[in-house]
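>>> Predicted model and sequence below, questions to follow.
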Amino acid sequence: MLNPWNDKSTTIRKGEELQMENLQSYLQDFFTHKGDLKVTQFPSGFSNLTYLVQLGNREYVLRRPPIGANIKSGHDMKREYDILTALKPNYGKVPAPILYCQDESILGCPFYLMERVEGVILRAKMPVEMIPSKVLMQGISNSFVDTFVDLHQLDVKEIGLDDFGKPQGYMQRQIEGWTRRYYKSKTDEIPRIEAAAKWLGENMPKEPKDYSLIHNDFKYDNLVLDSQDWTKVNAVLDWEMATIGNPLMDLGTTLGYWVNPNDPDFMKALNLTPTHLPGNLTREEVVHQYSLKSGQTVNHIIFYYVYGLFKIAVIIQQIYFRYKKGFTHDQRFAKLIDGVNLLGEITHMAIAKKRLDRLF
């Protein structure tokens, strides 16, 4: 019996429909089983588009770039497919990749198909009845950190991903790259964001000696939890930004999404992920648990936190830019600029107070 809170797909958003005849013909040539094609869309997520594909009695998940995207490195379907291909035999917590199609005559862009992993996904907006109890949320929060540490401790050489990124100079490239992307997609004057970019450029720590596979978007809504035991993580999703790099920058991105249960309401208004629910660790507790479980000393954490906030602000800014240009008509994007402003204020307070918690 399926859990009623298992993640579900719904009607495809206007303007994000797929060419059904082309897709059905392509899939029926690839698979031995036949059947009618039905496609629905997973409604959450602001980046790559994700669909549930039902062919006969089989279910798959299809991923394609967003409409109007021009950020190739962030929406490279082949790269994401290759990561899953390398990870699946060595790290069970990923969906199995099934096919990659670079023929743009099918859908107008490259795409790939992977298995559907059934389970629960905790999102920013969920029914009141679905919200975990404080005790259950404590268990989920600890499992979150455990899964994060396990990912960073994978041997990239052993799984064949050691040449997947360029770890030397990674930090500087990231700061320069996200700063460049911000100015390229700038729509409004936000002095706090520009100040954060300048501060990051002037306060980079030394590059670490050790690197790891980093996810770059590790948060609750990219984890599929077991339907019967929500403290067990069945799969980690959305590997589009994964690379080899400094794991503390990955931690910083996660902290950037993390709003504490005791943070003020205007921070909770960001509502990017349900870390504000009672029972969750605070940002400082996440860092402490990460350090204990990984055996790694976490230095310069304010730098990494500000980096995470700035990076998330730029990602939101890029999405808002696409909305303003008319590339997408998704009304969820209309007020994203408010989030960019708020993230700028949080960077300012973290730098001024030199801490992760109790910022306001």
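Everything's here; your move.

>>> Just the buried residues of the host helix or strand of residue 347, please?
Element membership for residue 347, per DSSP states H and E: helix 336-353. Buried positions in helix 336-353, judged by neighbour count with 16 or more other Cβ atoms under 10 Å: 336-337, 339-340, 342-348, 350-351. From N, CA and C alone the C-beta is placed, and that goes for glycine too.

>>> Now do the strands in the stretch 201-350 of the chain.
212-214, 223-225, 233-236, 243-245 (DSSP state E, counting those that start in this stretch).

>>> Compare those and give me the one nearest residue 26.
Nearest of the strands of the stretch 201-350 of the chain to residue 26, taken as Cβ to Cβ: strand 233-236 at 25.4 Å.

>>> What helices and strands are in contact with that closest one?
Applying 3 or more Cβ pairs under 8 Å, 6 or more residues apart in numbering; DSSP states H and E, one finds that strand 233-236 makes contact with helix 134-152, strand 223-225.

>>> All the helices of the stretch 151-300 of the chain, residue numbers only.
170-184, 191-202, 247-257, 265-268, 283-294 (DSSP state H, counting those that start in this stretch).

>>> With respect to residue 149, which of those helices lies nearest?
Closest approach to residue 149 among the helices of the stretch 151-300 of the chain is made by helix 283-294 (4.5 Å; Cβ to Cβ).

>>> for the helices of the stretch 151-300 of the chain, which one ends up most surrounded?
helix 247-257 (a mean of 24; mean count of other Cβ atoms under 10 Å).

>>> Columns distance to residue 11 and pLDDT on top of the buried residues of helix 336-353, output as CSV?
Below are the buried residues of helix 336-353 laid out as CSV (distance: Cβ to Cβ, whole Å; pLDDT from 0 to 100):
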residue, distance to residue 11, pLDDT
336, 22, 92
337, 27, 93
339, 26, 94
340, 29, 96
342, 31, 96
343, 31, 97
344, 35, 97
345, 36, 97
346, 35, 98
347, 37, 98
348, 41, 98
350, 40, 98
351, 44, 98
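
>>> low-confidence ranges in the protein?
1-2, 45-46, 68-75 (pLDDT under 70).

>>> quick one, phi/psi of the spatially most central residue of it?
For the chain, the residue nearest the mean C-alpha position is residue 217 (3.2 Å; Cα atoms, centre = their mean). In terms of degrees, to the nearest 10, the main-chain angles of residue 217 are phi -160, psi 40.

>>> For it, give me its contacts.
238, 240, 241, 253 (Cβ atoms under 8 Å, 6 or more residues apart in numbering).

>>> same thing with residue 321?
185, 186, 187.

>>> quick one, domains of this protein?
Following automatic domain parsing, one gets these domains for the chain: 20-115, 128-353.

>>> Residue 6 is nearest to which of those domains?
Across these, closest to residue 6 is domain 128-353 (Cβ to Cβ), at 5.8 Å.

>>> gap between the closest one and the chain center?
8 Å (Cα atoms, centre = their mean, to the nearest Å).

>>> likewise stretch 90-106?
Distance of stretch 90-106 from its chain centroid, counting by Cα atoms, centre = their mean, is 17 Å.

>>> For that stretch, report the contacting residues that lie outside it.
19, 22-23, 26, 30, 60-61, 77-78, 81, 84-85, 87-88, 107, 110-117, 147, 150-151, 154, 158-159, 233-237, 239.

>>> For burial, what's the neighbour tally of residue 87?
When neighbours are defined as other Cβ atoms under 10 Å, residue 87 has 24 of them.

>>> Now do the same contact list for the spatially closest residue to residue 49 that is not a sequence neighbour.
Using Cβ to Cβ, 6 or more residues apart in numbering and skipping the chain neighbours, the partner closest in space to residue 49 is residue 64 (5.3 Å). Shown in contact with residue 64 (Cβ under 8 Å, 6+ apart): 18, 48, 49, 51, 77, 107, 109, 110, 111.

>>> got it, and residue 231?
Shown in contact with residue 231 (Cβ under 8 Å, 6+ apart): 136, 139, 140, 142, 143, 225.

>>> Between the residues you listed, which sits nearest residue 11?
Residue 11 lies nearest to residue 225 out of these, by Cβ to Cβ, at 24.7 Å.

>>> first to last residue in stretch 241-260, what's the distance?
One end of stretch 241-260 to the other measures 25 Å (Cα to Cα, to the nearest Å).

>>> Then stretch 256-263?
One end of stretch 256-263 to the other measures 13 Å (Cα to Cα).
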